[in-house]
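Student: following is a predicted model, sequence given first.
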Amino acid sequence: MALGVGLSGRATAGEVAETVRAVLAEAGWRFEDVDVIGTRSRFAGDRRLAALGKPVVGFGDLQLCEGGAPAPPGRDGRAALPVAERAALLAAGAGSRLVVAKRKGRHVTVAAAACPP
């Protein structure tokens, strides 16, 4: 299984972990079931994701935009990339399927995708 995580500079490690736990509970999975975490390239080495103890892979903005339109503009008026869902699918690999759609925390989004059999 793969998780996709989108976060802002304001997200805390605690908020990331809490949102991950909520997505795992919704999927009926344990943290041990997670193989990889996908995110934006600029957050691939982020300490908040490294604290989860799973491999983290980053994807460029163009990869994250493929296959879907940007999310509606945020409070600042800028279009947001669909990071969580696309990163989960990309990290899980070809033939993967989304199991839990994006779940939002205050400053983090998390989605889960199942790897193909």
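Tutor: Okay, I see it.

Student: buried set for the longest helix seen in the chain?
Tutor: Secondary structure assigned by DSSP state H gives helix 13-27 as the longest helix of the chain. Buried residues in helix 13-27, counted by 16 or more other CB atoms under 10 Å: 15-16, 19-20, 23-24, 27. The C-beta positions use only the backbone N, C-alpha and C, and glycine is treated the same way.

Student: may I see those arranged in a markdown table, with distance to residue 107 as well?
Tutor: Listed next are the buried residues of helix 13-27 as a markdown table, based on distance: CB to CB, whole Å:
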| residue | distance to residue 107 |
| --- | --- |
| 15 | 6 |
| 16 | 9 |
| 19 | 9 |
| 20 | 14 |
| 23 | 15 |
| 24 | 19 |
| 27 | 22 |
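
Student: CSV for those, including pLDDT and distance to residue 99?
Tutor: Below are the buried residues of helix 13-27 laid out as CSV (pLDDT from 0 to 100; distance: CB to CB, whole Å):
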residue, pLDDT, distance to residue 99
15, 96, 21
16, 96, 19
19, 96, 15
20, 96, 14
23, 96, 9
24, 96, 10
27, 93, 5
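
Student: quick one: the strand or helix carrying residue 4 to helix 13-27, angle?
Tutor: Taking DSSP states H and E as the criterion, residue 4 maps to strand 2-7. Calculated by axes from the mean of the first three to the mean of the last three CA atoms, to 10 degrees, strand 2-7 forms an angle of 140 degrees with helix 13-27.

Student: so what touches strand 2-7?
Tutor: 16, 20, 23, 34-40, 43, 46, 48-49, 54, 81, 83-93, 96, 102, 107-113, 115 (CB atoms under 8 Å, 6 or more residues apart in numbering).
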